[in-house]
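Peer 1: Coordinates for the following, if possible.
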Amino acid sequence: MDNLNTVLQGIEEWSWIGWLVLIALFLVIEMLTLDFTFLMLALGSGFGLASDLTGLPIWAQVIIAALAAAALILLLRPPLLRRLHRNEDPTKSNIDAVVGLHGTVLLQVTSLTGQVKLSNGDTWTARAVDGGILPPGTPVSVVSIEGATAHVRPTAHEE
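Peer 2: Numbering: from 1, shown residues only. The predicted model follows:
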C-alpha cells in the first residue's frame, strides 16, 4: 500500500509535466488537422494545468480539463469555423458543379451507352438512370457522376 501511495504522490507532484505534454501534443495535432478540435483540447488541458498549479487533486484537474474542453468545443469552435469559412468561394467545382446541370442528348442514351452535351459546353458519356432509352435531342439533367460517366434523367424543358 505504501508503494501505491508513493506512486500517486509522484503522479500528483509531477502532473504539471503531463499537462504540458498534452498541450504540446494537441497543438501539434491541431497544426496537422486545422479543425480547431485539438486546439480546444489544448486549451482545456491548459485549464487542467492551471488547476494543478492551484493544488487541486488529479481527479479534479481531469474533470476541470474535460469540462473546459467540452465547453470550448461546443461554444467556441462553431463560431471560429464560421469565421474561418465565411469568405470561401461558394461556387461549386469539379463533380459538384456538374451534378444538376441540364443538357441535351447527342447520341442515344440507354443504361449501357450514350452521350450528352451539358449546358456548360462539356460533352459527357452518359447512362440513363431509369434504364429507359433517350433519343437524340432529349433534354436531360445530370443526377450523379460515376467516374467519367454522367447519369442523367429526362427533363420537361431544355436549358
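Peer 1: So which residue is dead centre in this structure?
Peer 2: D35 (8.5 Å; C-alpha atoms, centre = their mean).
Peer 1: how would you label that one: helix, strand or coil?
Peer 2: coil (DSSP: H, G, I helix; E, B strand; the rest coil).
Peer 1: T125 versus that one, what's the distance?
Peer 2: Distance, D35 to T125, by C-beta to C-beta, to the nearest Å: 37 Å. Glycine gets a C-beta too; all of them are placed from N, C-alpha and C.
Peer 1: Same check on A68?
Peer 2: Counting by C-beta to C-beta, the gap from A68 to T125 is 55 Å.
Peer 1: Counting neighbours, go ahead and name the busier of the two.
Peer 2: A68 (20 against 14; other C-beta atoms under 10 Å).
Peer 1: ok, back up a step: got the contact list for the residue nearest to the centre of the chain?
Peer 2: Not one residue lies near D35 by C-beta atoms under 8 Å, 6 or more residues apart in numbering.
Peer 1: Just the pLDDT at it, thanks.
Peer 2: Listed pLDDT for D35 reads 91.
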